[in-house]
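Chemist: What follows is a predicted protein model with its sequence.
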Amino acid sequence: MTVTSVAQKWVSEAAGMTQPSRVVWCDGSKTEYDGLIEAMLADGTLLPLNQKTYPNCYLHRSHPSDVARTEQLTFICTREKDGAGPTNNWIAPVEAKATAGALLRASMRGRTMYVIPYLMGPAGSPMSRVGLMVTDSAYVVASMHLMTRVGQVAFQHMRRDDDFIAGIHSLGDLSPDRRLILHFPEEQLIWSVGSGYGGNALLGKKCHALRIASWQARQEGWLAEHMLIIGVEDPEGRVTYLAAAMPSASGKTNLSMAVSPLPGWRVWTVGDDIAWMWVDASGQLRAVNPGRGFFGVAPNTSPKTNPNATSMVRSNTIFTNVALTGSDEPWWEGLSPAPPGGLTDWQGRPWKPANGPAAHPNSRFTVLAQQCPSIAPNWEEPQGVPISGVIFGSRRTGVVPLVFEAFDWSHGVFLGSAMSTETTAAITAKVGVVRRDPMAMIPFCGYNMADYFGHWLATGSRLKTPPRIFRINWFRRDAEGRFLWPGYGENVRVLKWMVERIRGTGRAEETPIGWVPASGAIDIGGIDVTPTRLGEALRCHGGEWLQTLDELSEFNKQFGDRLPRPITESLAVTRRRFGG
Ligand code: GTP
Ligand code: SPV
Ligand code: MN
């Protein structure tokens with residue numbers, strides 16, 4: 001491998017601090033992956049699954065206190081506090097390095113330090129970016145193999161010797177008391193210590209491709225978003241590409257590989273979690289998926305809800321914190337209607353219902369995207385795909401209709417900024433609590449969120465035909481607590497309406513919050529949804545919205561004068577439309 005001198009120097013400094021007994025440069029080869037798996041089987045980091053029914057599949061059990069992202073321990077360390085803004089945790093860089101330095105110093109003593117050069121984005125794409133991370137976790141290396149492009153390809157995409165995001169990761173002692181995930185956007189640097197969990201430890205993903213990349217994107221005029229990318233094909237074979245933001249564990253993986261119940265319609269998967277988007281020379285918004293694999297939520301993934309995912313995880317997959325059946329197959333709640341007998345839970349104990357779910361609610365699978373049956377043939381196209389629609393979705397039991405469309409780009413940015421959602425097991429916090437999560441980026445925006453809204457507004461003015469912006473909510477419930485909309489594959493019916501809107505044929509009614517599907521505009525043929533129930537799912541209630549807008553004004557106060565005028569104006573106009 002040809003390594004730049006800047007990279008060499010940085011790695012020896014990292015080794016000087018962490019003191020590993022051995023340094024191994026990773027080349028991303030299959031031999032390397034197989035060797036890592038073998039070593040992890042030998043030391044118990046991985047357990048083999050049934051190699052007949054799940055070839056090359058393994059189970060990893062994490063430390064029981066290291067099962068999700070820890071947002072309270074995640075910091076944006078800009079020189080000025082205002083750079084990180086009021087919605088991020090902040091510590092000054094010097095102080096952050098002093099505290100984390102104490103945890104990282106000699107943390108790799110007696111361990112191997114793996115050096116991982118990785119590329120985010122398709123090979124040959126002008127959008128692709130390089131990272132160089134060191135870690136003392138073989139599980140992280142194997143996962144990075146599946147989630148990013150590792151090896152020489154990274155160095156081939158560097159535009160200068162120092163053109164990489166540097167990342168130090170160490171498991172430390174895995175104690176949440178000695179865990180910190182630090183971002184230094186001004187130095188293109190990430191430090192992460194004390195966790196082996198995906199979003200905390202696979203630095204290419206949330207730390208690089210969202211927090212640091214969003215900072216770079218603002219400076220360079222593009223967008224780094226928590227979004228899936230899909231192509232929706234109609235019966236004539238025309239494909240319309242959409243990008244959709246939804247908070248963690250709220251439906252991106254599922255929508256990205258939805259199986260259509262409508263004849264002739266199909267969904268092609270381009271990405272399931274992160275989108276890098278830019279305005280091309282003709283004023284068209286385009287998107288690439290910076291990732292190479294999926295780190296997807298296991299619970300409720302079944303042949304009924306997500307047949308593409310269940311078939312793609314039947315080989316070459318690393319499962320984390322799922323349950324184990326008596327025949328060494330992975331299992332999680334929702335995979336089959338009833339749990340099989342003889343289950344071992346995610347912590348390795350014989351499963352007892354009294355101990356809670358058999359699989360951790362945030363148990364996950366890690367697998368290459370190319371194993372997905374619906375992967376788009378052009379998913380690695382260096383120039384990306386043209387985006388015609390942007391979707392903002394969240395998880396709300398009430399208030400927010402199943403789907404509606406913004407009046408224009410600026411109004412759509414307002415709708416994205418106004419998002420709130422119920423929390424999930426993807427973070428270590430109470431589940432089901434409503435919190436504000438503008439554009440599903442509250443945990444991932446690497447700079448002041450007021451400036452982020454401004455950046456979205458400014459991007460709109462560079463677009464020749466701005467994509468339509470839609471707001472969705474698959475999670476609205478009736479008075480008895482049942483979902484009003486069946487979700488999963490049936491969501492393609494909603495995507496069809498969006499495609500029709502983009503083409504100018506979809507019928508809609510104007511409401512104070514935007515265009516809501518007209519009666520009969522969403523095809524509910526052949527499913528157990530009555531027009532009355534669909535009406536309930538689409539209802540927009542003035543009183544509820546006025547209260548939501550009050551909460552939003554309260555939230556927005558923290559941004560002070562930095563909040564862009566169009567956001568404040570949209571809020572005021574919406575309130576007036578409701579007569580408030
Ligand atoms: P991250 O990987 O954390 O960013 O999450 P994600 O947005 O990709 O979420 P994912 O698609 O994995 O869905 C998470 C949970 O939401 C799973 O338990 C799903 O079964 C559930 N879910 C997804 N889509 C739907 C839907 O249309 N309706 C309902 N009711 N639940 C859904
Ligand atoms: C999320 O939490 O949004 C995820 C999982 O996609 S993680 O990679 O851990 O961030
Ligand atoms: Mn995510």
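Modeler: Nice, I can see it. Ligands and ions are numbered 1, 2, ... in the order given.
Chemist: contacts and neighbour counts: CA atoms only from here.
Modeler: OK.
Chemist: was I right about L104 contacting G16?
Modeler: No. L104 sits out of contact with G16 when judged by Cα atoms under 8 Å, with a separation of 10.5 Å.
Chemist: To what extent is A518 buried, counted in neighbours?
Modeler: Per other Cα atoms under 10 Å, the neighbour tally for A518 reads 14.
Chemist: okay, it: pLDDT?
Modeler: pLDDT recorded at A518 is 98.
Chemist: Show the residue spans covered by the strands in the stretch 401-550 of the chain.
Modeler: 403-405, 420-422, 434-436, 468-472, 508-511, 514-517 (DSSP state E, counting those that start in this stretch).
Chemist: check whether the fourth one contacts ligand 1.
Modeler: In this case it means strand 468-472. No. Strand 468-472 stays clear of ligand 1 (Cα under 6 Å from any ligand atom), getting no nearer than 10.2 Å.
Chemist: Can you tell me what sits against that strand?
Modeler: 388-394, 400-406, 408-409, 412, 415-416, 498, 502 (Cα atoms under 8 Å, 6 or more residues apart in numbering).
Chemist: May I have stretch 407-420 exported as PDB, CA atoms only?
Modeler: Written as PDB, here are the backbone C-alpha positions of stretch 407-420 (Å, rounded to 0.1, in the frame of the first residue of the first chain):
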ATOM      1  CA  PHE A 407     -45.900  24.700  -0.700                       C
ATOM      2  CA  ASP A 408     -42.400  25.300  -1.900                       C
ATOM      3  CA  TRP A 409     -38.700  24.700  -0.900                       C
ATOM      4  CA  SER A 410     -38.600  27.400   1.800                       C
ATOM      5  CA  HIS A 411     -41.800  26.100   3.400                       C
ATOM      6  CA  GLY A 412     -40.400  22.600   3.200                       C
ATOM      7  CA  VAL A 413     -37.200  23.600   5.000                       C
ATOM      8  CA  PHE A 414     -39.500  25.100   7.700                       C
ATOM      9  CA  LEU A 415     -41.400  21.800   7.900                       C
ATOM     10  CA  GLY A 416     -38.100  19.900   8.300                       C
ATOM     11  CA  SER A 417     -37.000  22.400  11.000                       C
ATOM     12  CA  ALA A 418     -40.300  21.900  12.800                       C
ATOM     13  CA  MET A 419     -39.900  18.100  13.200                       C
ATOM     14  CA  SER A 420     -40.300  16.400  16.500                       C
END
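Chemist: what sits up against it?
Modeler: Here stretch 407-420 has contacts from 392-396, 405-406, 434-440, 453, 456-457, 460, 466-471, 514-515, 552, 566-567, 570-571, using Cα under 8 Å, 6+ apart.
Chemist: swap in stretch 97-105?
Modeler: Residues from elsewhere that reach stretch 97-105, judged by Cα under 8 Å, 6+ apart: M17, T18, Q19, S170, G172, R178, L180, W191, V193.
Chemist: Could you identify the most distant pair in those?
Modeler: By the measure Cα to Cα, Q19 and L180 form the most distant pair in those, at 19.1 Å.
Chemist: who wins for neighbours among the contacts of stretch 97-105?
Modeler: Within those, most neighbours by other Cα under 10 Å means V193, with 27 neighbours.
Chemist: hmm, back to that, pipe the strands of the stretch 401-550 of the chain into TSV and attach distance to ligand 2 and mean neighbour count per row.
Modeler: Shown next, in TSV, are the strands of the stretch 401-550 of the chain (distance: least, Cα to the nearest ligand atom, whole Å; neighbours: other Cα atoms under 10 Å):
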stretch	distance to ligand 2	mean neighbour count
strand 403-405	22	25
strand 420-422	13	22
strand 434-436	15	15
strand 468-472	18	24
strand 508-511	32	15
strand 514-517	28	22
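Chemist: What distance do you get for the residue in the chain sticking out farthest from the centre to L546?
Modeler: The centre of the chain is farthest from one residue, G579, which by Cα atoms, centre = their mean lies 37.2 Å away. Noted for G579: a distance of 9 Å to L546, by Cα to Cα, to the nearest Å.
Chemist: residues in contact with the residue lying closest to R314 once chain neighbours are set aside?
Modeler: Excluding the flanking residues, the one nearest R314 by Cα to Cα, 6 or more residues apart in numbering is Y54, at 5.1 Å. Contacts for Y54 were tallied using Cα under 8 Å, 6+ apart; they are R314, S315, N316, E329.
Chemist: hmm, which two among those residues are most spread apart?
Modeler: Greatest spatial distance among these (Cα to Cα): N316 and E329, at 13.5 Å.
Chemist: which secondary structure element contains the residue farthest from the centre of the chain?
Modeler: For G579, there is no host helix or strand (DSSP states H and E).
Chemist: Just list the residues touching it, thanks.
Modeler: Going by Cα under 8 Å, 6+ apart, the list of residues near G579 is empty.
Chemist: quick one on the thing from earlier: looking at the contacts of stretch 97-105, which one is closest to E233?
Modeler: Proximity to E233 was ranked across the contacts of stretch 97-105 by Cα to Cα; first place goes to W191, at 41.9 Å.
Chemist: how close does the closest one sit to ligand 1?
Modeler: 22 Å (Cα to the nearest ligand atom, to the nearest Å).
Chemist: Over to T344?
Modeler: Per Cα to the nearest ligand atom, T344 is found 21 Å from ligand 1.
Chemist: And the strands in the stretch 101-250 of the chain?
Modeler: In the stretch 101-250 of the chain, the segments counted as strands under DSSP E, counting those that start in this stretch are 112-120, 129-135, 149-150, 165-170, 180-184, 189-193, 223-225, 227-233, 239-245.
Chemist: export those strands to a markdown table and tack on mean pLDDT and distance to G264?
Modeler: Output for the strands of the stretch 101-250 of the chain, formatted as a markdown table (pLDDT from 0 to 100; distance: least, Cα to Cα, whole Å):
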| stretch | mean pLDDT | distance to G264 |
| --- | --- | --- |
| strand 112-120 | 98 | 33 |
| strand 129-135 | 98 | 37 |
| strand 149-150 | 98 | 34 |
| strand 165-170 | 98 | 43 |
| strand 180-184 | 98 | 46 |
| strand 189-193 | 98 | 46 |
| strand 223-225 | 99 | 30 |
| strand 227-233 | 98 | 8 |
| strand 239-245 | 99 | 12 |
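Chemist: Which strand or helix spans A287?
Modeler: Going by DSSP H and E, A287 is in strand 285-288.
Chemist: and the helix or strand that that strand is followed by, which strands flank it?
Modeler: Next in sequence after strand 285-288, counting helices and strands by DSSP H and E, comes strand 293-297. When pairs are called by DSSP bridges, strand 293-297 turns out to pair with strand 364-368 (antiparallel).
Chemist: avg pLDDT for the strand it pairs with?
Modeler: On average, strand 364-368 scores 98.
Chemist: Identify the residues contacting the helix or strand just after that strand?
Modeler: Beyond strand 364-368 on the C-terminal side, the first helix or strand identified by DSSP H and E is strand 385-393. The contact list for strand 385-393 (Cα under 8 Å, 6+ apart) reads 240-247, 284-288, 415-416, 419, 439-440, 466-474, 498, 502.
Chemist: give the contact list for I513.
Modeler: F404, A406, T574.
Chemist: From what I see, the second one and W515 are in contact.
Modeler: It stands for A406. Yes. Counting by Cα under 8 Å, A406 touches W515, with 6.4 Å between them.
Chemist: In stretch 85-102, which residues are buried?
Modeler: Neighbour-count burial for stretch 85-102, with 16 or more other Cα atoms under 10 Å as criterion, is recorded at G85, P86, T87, N88, N89, W90, I91, P93, A96, K97, A100, G101.
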